[in-house]
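> what follows is a predicted protein model with its sequence.
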Amino acid sequence: MQWETVIGLEVHVQLATRSKIFSGASTAFGAGPNTQACAVDLGMPGTLPVVNEQAVAMAVQFGLGVNADIAETSVFDRKNYFYADLPKGYQTSQMYHPIVGPGELEISLDDDVTRRIGIHHAHLEEDAGKSLHESLTDDSGREMTGIDLNRAGTPLLEIVSDPDMRSAKEASAYLRAIHSIVTYLGISDGNMAEGSMRCDVNVSVRPKGQAEFGTRAEIKNVNSFRFVEQAIAFEVERQIELIEDGGDVEQETRLYDPDSDETRSMRTKEEANDYRYFPCPDLLPIVLDQAYIDHLRDTLPELPADKRARFENQLGLSAYDAGVIAASRDMADYFEEAMNVCGDAKQAANWVQGELSAALKREHLDVTRSPVSARQLGELISRVQDDTISGKAAKQVFQALWDGQGESADEIIDAKGLKQVTDTGAIDAMIDDVIAQSPQQVAQYVEAEPEKRGKMIGYFVGQVMKASRGTANPQQVNQRLSEKLDALV
Amino acid sequence: MALEQTQVRRAAHLARLDVSDDQASSFVDDLGRILEMVDQLQSVDTHDVAPLMHPLDATQRLRADEVTEEDQRERFQRSAPAVEDGLYLVPRVVE
Amino acid sequence: MSDHTADYAPETVTSLAAALQRGDASSRELTTDYLKRIERADSTLNSFISVTAEQALAAADAADQTRAEGNAGYLTGIPLALKDIFCTRGVRTSCGSKMLDNFTAPYSATVVEKLNAAGSVSLGKTNMDEFAMGSSNESSYYGAVKNPWDLTAVPGGSSGGSAAAVAAGLAPASLGTDTGGSIRQPAAFCGITGLKPTYGRVSRYGIIAYASSLDQAGPMARTAEDCAHLLGNVAGHDLRDSTSMARCVPDYAAELDAPLAGLKIGLPREYFGDGLDPAVESAVREAVKVYESLGATVRDVSLPHTRYATPAYYVIAPAEASSNLSRFDGVRFGHRCDNPDDLVDLYKRSRAEGFGEEVKRRILIGTHTLSEGFFDAYYIKAQKIRRLIRQDFLDAFDDVDVLMGPTTPTPAFDLGAQSDPVSMYLQDIYTIAINLAGIPAISVPAGMAGGRPTGLQILGPHFAEARLLNVAHQFQQATDWHQQRPAFAKEMI
């Protein structure tokens, strides 16, 4: 039987506010345990929440970025359940009236195909704390879990997609697109390793052509693009096998274990929860007026899809390069600065996609931490364009800049003597020397069929370049050599 | 709506309240009578009436995104039943 | 000290403030005197959970210093008692529960900060029904409070300790909270004046929440004038409470003397029906006559959804409470059971041991009515009826300035008399709708029934506290019910 996979994603994005969603405690990452949990975050008796305006603005910005409806009135609800890292016994969230209504996001797949994925809604909520399990014991020596509530109350935007994705690749492309848009907007640092972006994946399968969805499993907390693909791949196979063996998929929560590359059930003895959502009586409805929304719309930065189109249509980049560079705001900013310095979009794209990306990948660096600045790269490209150095020498200069051997391309070119020799007289002299020292090769050249001479010239070019220690202009060398050798025939 | 013991037990579990069998049956009795009193509500026609979640028709005021709280961990943890290295301790949670 | 008593008796905030201003007494003298009274009388009454003598004397000295420096305000140096629901930094804040018996609040409620800034002196924390759930003060972990008018009667609840303490002269005034009548009903039972302000008038920050959309703090004192001074100090917008309203606070005391000629009073028919004690009714009718003599006109009005207030309340309040009380889980503060097997056991036993019966009952009701399959039928339905109840009041206030009726259907009942929860709940039949609608109401002493005080309740539109205080004050200028004192107080003090 042919199976179709149906995937929906719930992405939790930590918003990059300075303070928490309902309190004035700091959201900074990495502080000592519970030093950033204030009375409100701890759920101290009598404390009350007040909504952070920046969290609201960021949610609206996201909504505008995915062409979603922005709710004129949105309401916070309480989701009631007990858990060790949930201080109040409820999470303040938005169940019935989320701030961001339906929208959509375009994703690009490798083969330059784009698809539109529906955003069902996005809502604001507070993050929980963290449970730490390492080597804690109580007075009688029993193993304990430690609770750190620094993260409790960090604003989250939960972005819920429609079940529109049909493959693991589409799911990871969607996640990348979300990552791209939230970092473009500057509403999250998108750091998946630190948990700034976390993803729950709903997966089901159905016979191809069947209209209704199969039973879905929810895979919790899949926290990298790669793991999303792997977890889905495993889960799809598991479900198909299960059904083909005559079994039924259970609606349940599963956990993906990257080490064993499999998902396993999180089912416990606990019966199904009942969250008893109801409007939080400590908070009033958030009412946004059109002027406020319009202002945020007017100040929205250029978003990835627009940038990609501009790179492709106005700057003439390939669809692939435009897509990859525009996917990251930092990369796009880097590219645009380098391009503005050298004035050549295609060369700038080649360098960013080639040498720079390779070096960043090799050293696991983000572009914002590149040792070679966009200005330095732009100047380097300019030196190739004005024939100061050869393309080959340029790579040497790039490496030297990367290694911190100089402040600018010019400084390194000077220091290493990489400046191209373009003086015809000097090149002619070197060519004459090489011809004089290679009588045998010259004889072979002269005797060869004319159509084979083109290949044989390579030897002479190599010798001349060697003699010039790479500084001679290769096109010039090539041209003068042909002229001089052909004159001997 | 009458109340059954299983419903009381379920509510007690959701609310994380340990309830003995004796207590459960006494709660079934009390809660049943409270719900009976509450059931008078069903006789009111509320067609076209919007729920009133809050007595005033006010809207949420937003707070500027500023860090206003400082570390008071030591003070906050003075009333805590069990802490170690600044962490609140609970019996080992297996995930 | 007691030889000074005559100089400032009867002790109202107003008379004490005058004595302090004149220099007839220092705050230290007043505070010492009240602490002595508490020591003498409270083993009988049990109106305080914690007496903070040391802090009180320090605050009194600071107040005297402030006064000596010429910076005293109206409340500077005035001793007060706070219901033990207000978080007070460095002082046990128990909310009448075993759950918080060991809880020292790490911060102070906004109203406590305001009273501290005004220079008033807190004598201690008064007894209350556990988590403010009750109408008799019998659900307190710290034991029942006795009504100073009759030691076999309850003082009412949940602010029963506050009412008893003020009635007995153990404090000139107190701050209480009112979710369904918890200021007004004990005020009526103990013969004092108690005001529940408009929802959103006074900050809830630092008040341990029972039902967030209903809770409101307010003054309990001997006179409306005292209530005006206290409310003026604690009311106002609080950046820490999203539900507190940004409206300016009028000078409540300045409006007390406005004449009542032309005042339009409505008497809700539904507040004079079955179950109303005839003696209570006749006290209210007499009071209305006093108003007529002051130039007011009276007409009957109807609040047709009154009978649904109690059922709606017992959906909404327990629902909110079930969620509000989830934070008491034995992890960060409060009672924790011994040797929990696992996390669920820790929660279940800590909560079962820490909460009393009535609290559990309300948590269970609230949990049940919010749960899947019941939410619409109970919670949403009750909130719809709440809108109808509010509309009843809004409609009535189109025609009249204030509404009047009894605060309670009966005078204080005997300790232990109400063992059935539902009949206990019906004690609040006249007070609950006010909380659902969010309007203000004040209870003033209006007579005696069988040796126990009865209260007249005056209701006004949202934010009409100044009018209510004026109307109550004028009654107290024309009558002396508020000046009567229980024999117990006369003997003990």
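On my side now, so go ahead.
> show me the contact partners of stretch A:30-43.
Residues from elsewhere that reach stretch A:30-43 (C-beta atoms under 8 Å, 6 or more residues apart in numbering or on different chains): A:20, A:22-28, A:47-49, A:87-89, A:129, A:132, A:146, A:148-150, A:152-153, B:69, B:71-73, B:76-77, B:85-88, C:106-107, C:327, C:332. Quick note: C-beta positions are derived from backbone N, CA and C, even for glycine.
> do the same with stretch A:383-395
A:342, A:344, A:347, A:355, A:380-381, A:397, A:409-410, A:413, A:418-420, A:422, A:470-471, A:473-474.
> please identify the buried residues of that stretch?
By 16 or more other C-beta atoms under 10 Å in any protein chain shown, the buried positions in stretch A:383-395 come out as A:Arg383, A:Val384, A:Thr388, A:Ile389, A:Ser390, A:Ala393, A:Ala394, A:Lys395.
> tell me which residues touch A:Lys208, please.
A:Met1, A:Gln2, A:Trp3, A:Glu4.
> list just the nearest of these to chain B.
Distance to chain B, by C-beta to the nearest C-beta, is smallest for A:Trp3 among the contacts of A:Lys208, at 30.9 Å.
> the closest one contacts A:Gly209, correct?
No - with contact defined as C-beta atoms under 8 Å, A:Trp3 does not count as touching A:Gly209 (10.5 Å).
> these two - which one has more neighbours?
A:Trp3 (16 against 7; other C-beta atoms under 10 Å in any protein chain shown).
> name the nearest residue to the residue of chain C found nearest chain A, sequence neighbours excluded.
Nearest residue of chain C to chain A: C:Ser326, at 2.3 Å (C-beta to the nearest C-beta). Sequence neighbours aside, A:Gly89 is the residue nearest to C:Ser326 in space, at 2.3 Å (criterion: C-beta to C-beta, 6 or more residues apart in numbering or on different chains).
> list the helices and strands the host helix or strand of A:Val228 packs on?
Assigned by DSSP states H and E, A:Val228 belongs to helix A:225-244. Contacts defined by 3 or more C-beta pairs under 8 Å, 6 or more residues apart in numbering or on different chains; DSSP states H and E place helix A:225-244 against strand A:3-14, helix A:168-185, strand A:197-207, strand A:217-220, strand A:252-257, strand A:262-265.
> wait, C:Tyr103 touches C:Gly334, no?
Rather than Tyr, residue C:103 is Phe. Yes - counting by C-beta under 8 Å, C:Gly334 is a contact partner of C:Phe103 at 5.8 Å.
> between these two, which contacts overlap?
B:Ser79.
> pretty sure A:Glu134 sits in a helix.
No - counting by DSSP: H, G, I helix; E, B strand; the rest coil, A:Glu134 is not part of a helix but strand.
> what's the pLDDT at it?
We have a pLDDT of 75 for A:Glu134.
> and it, how far from C:Ile493?
Between A:Glu134 and C:Ile493 the computed distance is 61 Å (C-beta to C-beta, to the nearest Å).
> more neighbours: which of those two?
More crowded of A:Glu134 and C:Ile493, by other C-beta under 10 Å: C:Ile493, with 19 against 7.
> from C:Pro219, how far out is the more buried one?
Following C-beta to C-beta, the distance that separates C:Ile493 from C:Pro219 is 22 Å.
> and the helices in the stretch 1-150 of chain A?
Remark: helices assigned in the stretch 1-150 of chain A by DSSP state H, counting those that start in this stretch are A:53-65.
> buried residues in stretch C:173-190, which are they?
Going by 16+ other C-beta under 10 Å, stretch C:173-190 has these buried residues: C:173-190.
> coming back round to it: ok and the helix holding A:Val228 relative to helix A:168-185, angle-wise?
On the basis of axes from the mean of the first three to the mean of the last three C-alpha atoms, to 10 degrees, helix A:225-244 is oriented at 150 degrees to helix A:168-185.
> listing request: residues of the chain with sub-threshold pLDDT.
Here I'm looking at chain A. A:111, A:267-272 (pLDDT under 70).
> ah, no, chain B please
Applying pLDDT under 70 to chain B picks out residues B:1-2, B:95.
> show me where it has strands.
Assigned strands in chain B, in chain order: B:62-63, B:83-84, B:87-91 (criterion: DSSP state E).
> wait, what's in contact with the residue of chain B found nearest chain C?
When scored by C-beta to the nearest C-beta, chain B has B:Pro55 as its residue closest to chain C, at 2.4 Å. Residues in contact with B:Pro55 (C-beta under 8 Å, 6+ apart) are C:Tyr199, C:Gly200, C:Ser213, C:Leu214, C:Arg390, C:Asn435, C:Leu436, C:Ala437, C:Gly438, C:Ile439.
> repeat the analysis, applying 7 Å as the threshold.
Residues near B:Pro55 by C-beta atoms under 7 Å, 6 or more residues apart in numbering or on different chains: C:Tyr199, C:Ser213, C:Arg390, C:Ala437, C:Gly438.
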